[in-house]
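[1] Sharing a model prediction with you, sequence too.
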Amino acid sequence: MKKFSLKMIAMLMMSLLVGATIISCDDDDDDDPVLAAPTVTAPESQEIVTGESLDLTFDFVAPAGFKSSAVTAANGTAVIKTDGVNGATSGNVVVTFTAGEQPGAGSVLVTISDLQNQSDDATSVLTVVGEQTTFEINANITENTTWETGKVYVLKTRVAVTAGTTLTIQPGVVVKGEAGTGANASALLIARGAQLMAEGTAEAPIIFTSIADEIMPGEIVSPNLDPDLNGLWGGLIILGNAPISADAASVQIEGIPPSDQNGLYGGDNAADNSGVIRYVSIRHGGANIGEGNEINGLTLGGVGSETVIEYVEVIANQDDGIEWFGGTVNVHHAIVWNSGDDAIDTDQSWGGTLDNFVVINPGDECFELDGPEGEMVAKHTIMNGSVYALDADGLVDNDDNSNLDMSKVYFRDLKEGQDFDQIPTVYTCVFENLQATIPDGFAVTDFFKGGSDAFTTNVGLGENTVGADLSKFQNWTWSSVSGQISK
């Protein structure tokens, strides 16, 4: 057997120690260091309306590098819109949350994992609220504004749409005026140089009414107010720059205090454009702002011919239904039911046409047709109308200087004492092809006086061949739905 010297044994032990050291160093190089776990920060709490969506940004720090994210939600749904970048040590994850249909608490939980399979999460707390459907209007409208379908807008005071501004009212909107008299009477006033784009549809008319009316978008008939209840708010006033016949080129409209310069109307632009009013029903207005001074349902002061007004209903207004003060605007397919004063009132040489209309049961005259009040003279035309006189005081009230043509109007439901009082004498007016159902025991001359019997024919009830095309009022008007109009 070979004998080892002490020197050889020492050298062998040294060699073993060196090898062990080398092996130990190699093992350390194979183990990666464990880095800190990721951290996630949620955005601040927010409110969201039922059914709507919003983006939420979750920030993260991931020393070991981003690997993946996951999201869950309560009272809604959530999807990852923008994910983190693979291997990134910081960044964000953007999540789109869509709220459910029930108001209450909601949340979004985001979990971030890193390349070392460590994770962290954070929760964004949300409050899901019901959609706001009623809005209070407390001041003049001075920038372009839209009132949206399905919503109710409450006029807390007299609200003017000022010059250079457009108010758009979408189909189906309900506008409600607060009660008030004098300077506190609520009304919507479209000033000269402003526009109202109130374009309803037959399926979704725009309704102006009182705050006391419980009607909501989608309804035609008031659930709680009778169609003869008036004076609960002001009305709709549209003013323009078209010519008027008054003691000045521009004057203050009746119903608006002189202190409000938005009430001025009149000018020299016959083709002025105040917007579009289509499929609009105006109800329960005519608030008194002073002794004997009420607001009309629809007031048209100096409104120009480029303005479109058609498919309009005025119900239960304490003063006149529709009143023109000069201007050149045409009105088509209009109905006035239960006005407290006159149904149709023309002043200051209005120079447009009223075509296809219905008048039902006014408190005073069916027509009050006044002449010019200044140097400007224009003629208007009234044609294709059906008049249900019922309890009216009179049929047609002309002045000597009234200046109009009237044709194809049918009068029915007459009572003793009502009359067409005279034919104007200052200007040449054309009246022709009027028909009336005269009550038994009376003659045409009992109702149509001053020579107006010459162009009026007595016909049986419902046998008229002139009058309004009633189909234009079907379904969208309270008058039609309640059965007030028939041939």
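    Yep, that arrived.

[2] Quickly run through the sheet partners of the helix or strand where Thr146 lies, with directions.
    Secondary structure from DSSP states H and E places Thr146 in strand 145-147. Within its sheet, strand 145-147 is paired with strand 166-169 (parallel), according to DSSP bridges.

[3] Give me the next element, helix or strand, following the strand it pairs with.
    Past strand 166-169, the next helix or strand by DSSP H and E is strand 174-177.

[4] Which secondary structure elements does the following helix or strand past that following strand sit against?
    Elements were assigned by DSSP H and E; along the chain past strand 174-177, the next helix or strand is strand 187-190. If contacts are counted by 3 or more Cβ pairs under 8 Å, 6 or more residues apart in numbering; DSSP states H and E, strand 187-190 sits against strand 158-161, strand 174-177, strand 236-239. Backbone N, C-alpha and C define where each C-beta goes, glycine included.

[5] can I get the CA coordinates of the first one in PDB?
    This points to strand 158-161. Extracted in PDB, the C-alpha atoms of strand 158-161 (Å, rounded to 0.1, in the frame of the first residue of the first chain):
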ATOM      1  CA  ARG A 158     -89.500  84.200 -17.500                       C
ATOM      2  CA  VAL A 159     -86.700  82.800 -19.700                       C
ATOM      3  CA  ALA A 160     -85.400  84.600 -22.800                       C
ATOM      4  CA  VAL A 161     -83.300  83.000 -25.500                       C
END
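
[6] what about the strands in the stretch 301-450 of the chain?
    Under the criterion DSSP state E, counting those that start in this stretch, the stretch 301-450 of the chain carries strands at the ranges 308-315, 322-325, 331-337, 344-347, 353-360, 365-369, 380-388, 394-398, 404-412, 430-432, 434-436.

[7] Direction included, what does the second one pair up with?
    In the sheet, strand 322-325 lines up against strand 298-301 (parallel), strand 344-347 (parallel) (DSSP bridges).

[8] So which bits of that strand are buried?
    322-325 (16 or more other Cβ atoms under 10 Å).

[9] Please produce CSV containing the helices and strands packed on strand 187-190, extended by mean pLDDT, distance to Gly363 and mean neighbour count.
    Conversion of the helices and strands packed on strand 187-190 to CSV gives the following (pLDDT from 0 to 100; distance: least, Cβ to Cβ, whole Å; neighbours: other Cβ atoms under 10 Å):
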stretch, mean pLDDT, distance to Gly363, mean neighbour count
strand 158-161, 96, 24, 24
strand 174-177, 98, 21, 27
strand 236-239, 97, 19, 28
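
[10] May I see the ones you listed arranged in CSV, with distance to Thr41 as well?
    Below are those laid out as CSV (distance: least, Cβ to Cβ, whole Å):
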stretch, distance to Thr41
strand 158-161, 45
strand 174-177, 45
strand 236-239, 53
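
[11] Among these, which comes closest to Leu35?
    Of all those, it is strand 174-177 that lies closest to Leu35, at 61.9 Å by Cβ to Cβ.

[12] on contacts alone, who are the packing partners of the closest one?
    Taking 3+ Cβ pairs under 8 Å, 6+ apart as the contact cut, strand 174-177 packs with strand 152-155, strand 187-190, strand 206-210.

[13] try it again with 7 Å
    If you count contacts as 3 or more Cβ pairs under 7 Å, 6 or more residues apart in numbering; DSSP states H and E, strand 174-177 packs onto strand 152-155, strand 206-210.

[14] could I get that strand in PDB with only the CA atoms?
    This file holds the C-alpha atoms of strand 174-177, laid out as PDB (Å, rounded to 0.1, in the frame of the first residue of the first chain):
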ATOM      1  CA  VAL A 174     -92.100  68.400 -21.900                       C
ATOM      2  CA  VAL A 175     -91.600  72.000 -20.800                       C
ATOM      3  CA  LYS A 176     -93.500  73.000 -17.600                       C
ATOM      4  CA  GLY A 177     -93.900  76.600 -16.400                       C
END
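
[15] Okay, now the sheet partners of it, with direction.
    Partners of strand 174-177 in its sheet, by DSSP bridges: strand 152-155 (parallel), strand 206-210 (parallel).
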